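Asks: the amino acid sequence is not available; the structure is as follows:
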């Protein structure tokens with residue numbers, strides 16, 4: 001897949017450069033069969049290429065027309081809302097904790113992606129991110145490692161820790177991220193998020209913030 005995208009990128013760059021070259025020659029009345037006229041356009045063509053590349057890297061890569069053959073990964077920018085299904089067992093009751101309302105925000109550019117998962121008790125920030133994309137094998141996943149930091153008032157029962165996750169990217173019939181995670185606290189579980197907003201929210205929606213474990217005195 002990476003090779004196909006690389007080939008496509010090279011072909012597109014050559015094709016666009018040729019069109020720009022002929023366009024400048026036609027506007028300037030130059031004869032490209034003459035070496036002097038041909039090479040006199042090099043600075044203008046390079047400048048135009050760099051401008052188009054900058055526009056593509058800033059905005060163009062998000063358009064679906066480029067998906068697959070030129071840009072292998074989808075645009076995931078925005079806020080996703082869902083639940084964390086943890087394997088953690090409450091020693092007081094002997095039962096697994098109920099699904100935890102959570103929110104995932106994705107900030108993505110052409111070159112980088114960062115993920116933040118928030119619950120009302122904790123924030124998890126990614127520090128290593130990547131995509132596992134192979135259309136031929138119907139594989140479309142994101143993966144990242146993260147550090148989780150609980151609220152200070154909960155430090156007596158929840159410690160900072162690192163973990164990792166793999167989420168499948170689902171685009172049909174609706175946009176969803178779902179997959180598994182594991183932590184150095186020996187807990188595992190699943191996470192499922194549905195797309196919520198193009199904006200990057202910094203707090204959970206009011207109707208989606210009640211943590212099943214939070215004591216009344218620690219509810220904020």
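Replies: Perfect, I can see it now. The shown structure was predicted, so the numbers you read here are calculated from the model rather than taken from an experiment.
Asks: all strands of the protein, in order?
Replies: 78-86, 89-90, 95-96, 100-108, 113-118, 122-134, 139-150, 161-170, 176-183, 188-197 (DSSP state E).
Asks: for residue 30, which of these is the nearest?
Replies: strand 100-108 (41.8 Å; Cβ to Cβ). (Each C-beta comes from the backbone N, C-alpha and C, glycine too.)
Asks: what packs against the closest one?
Replies: If you count contacts as 3 or more Cβ pairs under 8 Å, 6 or more residues apart in numbering; DSSP states H and E, strand 100-108 packs onto strand 78-86, strand 113-118, strand 188-197.
Asks: next, the buried residues of it.
Replies: For strand 100-108, the neighbour count (16 or more other Cβ atoms under 10 Å) marks 100, 101, 102, 103, 104, 105, 106, 108 as buried.
Asks: ditto for stretch 163-171
Replies: Going by 16+ other Cβ under 10 Å, stretch 163-171 has these buried residues: 163, 165, 167, 169, 170.
Asks: quick one: contacts of that stretch?
Replies: 74, 76, 124, 132, 140-146, 148, 176-184, 191, 193 (Cβ atoms under 8 Å, 6 or more residues apart in numbering).
Asks: and it, how far out from the chain middle?
Replies: Here the centre of stretch 163-171 is set off from its chain's centre by 10 Å, with Cα atoms, centre = their mean, to the nearest Å.
Asks: what average pLDDT does that stretch get?
Replies: Average pLDDT, stretch 163-171: 97.
Asks: circling back: between the helices and strands packed on strand 100-108, which one is nearest to residue 57?
Replies: strand 113-118 (14.1 Å).
Asks: any idea of the mean pLDDT in the closest one?
Replies: Here the average pLDDT along strand 113-118 is 98.
Asks: any buried residues in the lengthiest helix in the chain, and which?
Replies: Across the chain, the longest stretch assigned as helix under DSSP state H is helix 2-28. Neighbour counts using 16+ other Cβ under 10 Å place 5, 8, 16, 20, 21, 24, 25 of helix 2-28 among the buried residues.
Asks: packing partners for it?
Replies: helix 42-58.
Asks: list the buried residues for the helix it packs on?
Replies: 45, 48, 52, 56.
Asks: good, wrapping up.
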